[in-house]
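Novice: no sequence for this one, just the structure:
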Ligand code: BGC
């Protein structure tokens, strides 16, 4: 992680206290939750492109890829619902699990959900590694998905509650950083295991998912829970103790007071699921649903899941396709660092807008290049120069995503909800994200087959829409203490009408000081 990110910046409400070593370690360990998610995102595409795996589990796809007759278009080679189910079933399970995780996280704490997630995940990776039929593969993927659901629901919350306000963005992006490292690790593992001549490389690829799961499970056992969660569960003394410890000072009264106010308001809310529908939470709910949906409609997972397949389609060889995935994976990690150092400095909006525009341009250009080479028949071939051009454009696109919608797609929804509905809100965030991840994973290869190069225009158009949405409707949340976020919506020209005065926590002492 970039150390520079932790320098103090901006006019945040600073409660005092520092970023302690303790808080850093906790956040780094919690971020391994992102590793397991990333590893899954990155592993299936490469495995899918491996011949021994294809011929064992999906022989019909294997024959199609290898005996492409003249009338078989390049766009449709990999089109198989069962094959995509292998990739996408995980996200469906994650969706369901995130709702179970929401109550676990609220009633038993953030770290409990992390441990549960890690253990289920571990079983999934073992089953996948020893699978001998498609059913075992898919059941394994479902278990992995349940693990991811628990982790993705609890880890972002954990991080945003541990971090001091002025560094919340940077520390929370630790989660995204871990996702990208997980993806890159998967790309590298695939590149290596593909070289195993005996053809069992895919087993190693799939089973290695157990490693990050083990780290997270063990990590969660030793981490402290967040002060917010301890307080919410009635462990007030402990909450104070942990707050002092993570801030490295005894002078935490003001932050504690805000936390108490937020928790007391939260305690009055018995039914977060019903409450989240109240009018005063409408702005958060709308943004909290649209952001994860838009994040997936950037089309990023077309690249993350299917980069090797895509590169194979445009004519890269086996090895080169897996290498291309390693390249995009590396760009993804490197560009995430950019967001860590800039998110609390330039703010969320600036990154969203710049990244959005950069992605849209790349998507349209890639669409045009593919259209010129393959046309709508899908018959034709890419010259080396054009194939490289596509790779470069995809790298620029991935970089843009990695410093905008990637991290912010998780950060912003996790920091906009008031405490009383935060776990429910986060579950919605994960569920919507997983739902659209599932949809894209499931239909992409079919969409490629039918929409052809138009697919890139499709995602590009969504990019235009979401960038406009951010410009008009997303208030800046940089440097705002998480307990005071309602006030930001209150001041927004559109959302303000939804927020009654008394919903703004801390508004009294603001009035007094005004
Ligand atoms: C997204 C994933 C995506 C990853 C790429 C995450 O924020 O949720 O769907 O694959 O970024 O780095």
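Specialist: In hand now; what should we look at? Here the structure is a predicted model, which is why all the values come from computation and not from measurement.
Novice: low-scoring stretches of the stretch 401-514 of the chain, by residue?
Specialist: In the predicted model of the stretch 401-514 of the chain, residues 504-514 satisfy pLDDT under 70.
Novice: Most proximal residue of it with respect to the ligand?
Specialist: As assessed by CB to the nearest ligand atom, the ligand sits closest to residue 406 within the stretch 401-514 of the chain, at 4.2 Å. From N, CA and C alone the C-beta is placed, and that goes for glycine too.
Novice: Roughly how far does the nearest residue to that residue once chain neighbours are set aside sit from residue 393?
Specialist: Residue nearest to residue 406 in three dimensions, not counting chain neighbours: residue 176, with 5.5 Å by CB to CB, 6 or more residues apart in numbering. As defined by CB to CB, to the nearest Å, residue 176 lies at a distance of 22 Å from residue 393.
Novice: These two: which has the busier surroundings?
Specialist: Of the pair residue 176 and residue 393, residue 176 is the one with more neighbours under other CB atoms under 10 Å, namely 26 against 18.
Novice: Establish whether the one helix or strand the more buried one maps to and the ligand are in contact.
Specialist: Secondary structure assignment for residue 176, by DSSP states H and E: helix 168-193. Yes: counting by CB under 6 Å from any ligand atom, the ligand has neighbours in helix 168-193: 176, 179-180, 183.
Novice: residues in the chain within reach of the ligand, list them.
Specialist: That would be 41, 176, 179-180, 183, 295, 300-301, 304, 332, 406, 409-410, 433, 437, which are the residues of the chain within reach of the ligand (CB under 6 Å from any ligand atom).
Novice: Tell me the most packed of those, by neighbour count.
Specialist: The most neighbours of any of those, using other CB under 10 Å, belong to residue 179, which has 31 neighbours.
Novice: and that residue, what does it touch?
Specialist: Residues in contact with residue 179, defined by CB atoms under 8 Å, 6 or more residues apart in numbering, are 34-35, 37-38, 41, 406.
Novice: Turn those into TSV, columns for secondary structure.
Specialist: Converted to TSV, these look like this (DSSP: H, G, I helix; E, B strand; the rest coil):
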residue	secondary structure
34	helix
35	helix
37	helix
38	helix
41	helix
406	helix
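Novice: Need the max-distance pair from those residues.
Specialist: By the measure CB to CB, 35 and 406 form the most distant pair in the contacts of residue 179, at 14.9 Å.
Novice: The nearest residue in space to residue 285 that is not next to it in sequence: neighbour count?
Specialist: For residue 285, ignoring the flanking residues on the chain, the nearest one in space by CB to CB, 6+ apart is residue 276 at 6.1 Å. Neighbour count of residue 276, defined by other CB under 10 Å: 21.
Novice: hang on, isn't residue 276 packed against residue 424?
Specialist: Yes: the pair residue 276 and residue 424 passes the contact test of CB atoms under 8 Å, sitting 5.0 Å apart.
Novice: Any figure for the gap between the residue in the stretch 1-150 of the chain that the ligand sits nearest to and residue 283?
Specialist: Minimum separation of the stretch 1-150 of the chain from the ligand (CB to the nearest ligand atom) falls at residue 41, amounting to 4.4 Å. Distance, residue 41 to residue 283, using CB to CB: 30 Å.
Novice: again, but for residue 420
Specialist: 15 Å.
Novice: Over to residue 129?
Specialist: Distance, residue 129 to residue 283, by CB to CB: 45 Å.
Novice: These two: who's more crowded?
Specialist: Taking neighbours as other CB under 10 Å, residue 129 and residue 283 compare with residue 283 leading, 24 against 18.
Novice: got a list of what the more buried one touches?
Specialist: 489, 492, 495, 498-499.
Novice: hmm, back to that, tell me the mean pLDDT for the helix holding residue 176?
Specialist: Averaged across helix 168-193, the pLDDT comes to 88.
Novice: Buried ones in it, by neighbour count?
Specialist: Under the neighbour-count criterion of 16 or more other CB atoms under 10 Å, helix 168-193 has 168-191, 193 buried.
Novice: Equivalent analysis for stretch 79-96, please.
Specialist: Applying a neighbour-count criterion of 16+ other CB under 10 Å, one finds 79-80, 83-95 buried in stretch 79-96.
Novice: got the contact list for it?
Specialist: With contact meaning CB under 8 Å, 6+ apart, stretch 79-96 is reached by 40, 44-45, 48, 57-58, 60-61, 134, 137-138, 141-146, 148-149, 152, 305, 430-431, 434-435, 437-439, 441-446, 448-449.
Novice: Among these, which lie within strands?
Specialist: Nothing among the contacts of stretch 79-96 maps onto strands, per DSSP state E.
Novice: In helices, which of these appear?
Specialist: Cross-referencing these against helices under DSSP state H gives 40, 44-45, 48, 57, 60-61, 134, 137-138, 141-146, 148-149, 152, 305, 430-431, 434-435, 437-439, 441-446, 448-449.
Novice: and the closest residue in space to residue 396 that isn't next to it in sequence, how many neighbours?
Specialist: The spatially closest residue to residue 396, leaving aside those adjacent along the chain, is residue 362, at 5.3 Å (CB to CB, 6+ apart). Other residues lying near residue 362 total 24 when counted by other CB under 10 Å.
Novice: Pretty sure residue 362 sits against residue 394.
Specialist: Yes: assessed by CB under 8 Å, residue 362 is found in contact with residue 394 at 7.3 Å.
Novice: Can you tell me the element the residue nearest to residue 447 when sequence neighbours are not counted falls in?
Specialist: Closest residue to residue 447 apart from its sequence neighbours, by CB to CB, 6+ apart: residue 455 at 5.4 Å. Per DSSP H and E, residue 455 falls inside helix 454-473.
Novice: which outside residues touch that helix?
Specialist: Against helix 454-473 from outside (CB under 8 Å, 6+ apart): 286-287, 290, 294, 297-299, 302, 349, 352-353, 356-357, 359-360, 363-364, 366-367, 370, 405, 444, 447-448, 451, 494-495.
Novice: So which of the residues you listed are in helices?
Specialist: Going by DSSP H, the helices hold 286-287, 290, 294, 297, 302, 349, 352-353, 356-357, 359-360, 363-364, 366-367, 370, 405, 444, 447-448, 451 from the contacts of helix 454-473.
Novice: Make a ChimeraX selection of the buried ones in the residues you listed.
Specialist: Those of these that meet the burial criterion (16+ other CB under 10 Å) are gathered into one ChimeraX selection, given here:
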select :287,290,294,297,302,349,352,353,356,359,360,363,364,366,367,370,405,444,447,448
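Novice: residue contacts, residue 177?
Specialist: 1, 31, 34, 333, 336-337, 340, 407.
Novice: Report how many residues lie close to residue 328.
Specialist: 25.
Novice: That one reaches residue 398, doesn't it?
Specialist: Yes: if you go by CB under 8 Å, residue 328 and residue 398 touch, sitting 5.1 Å apart.
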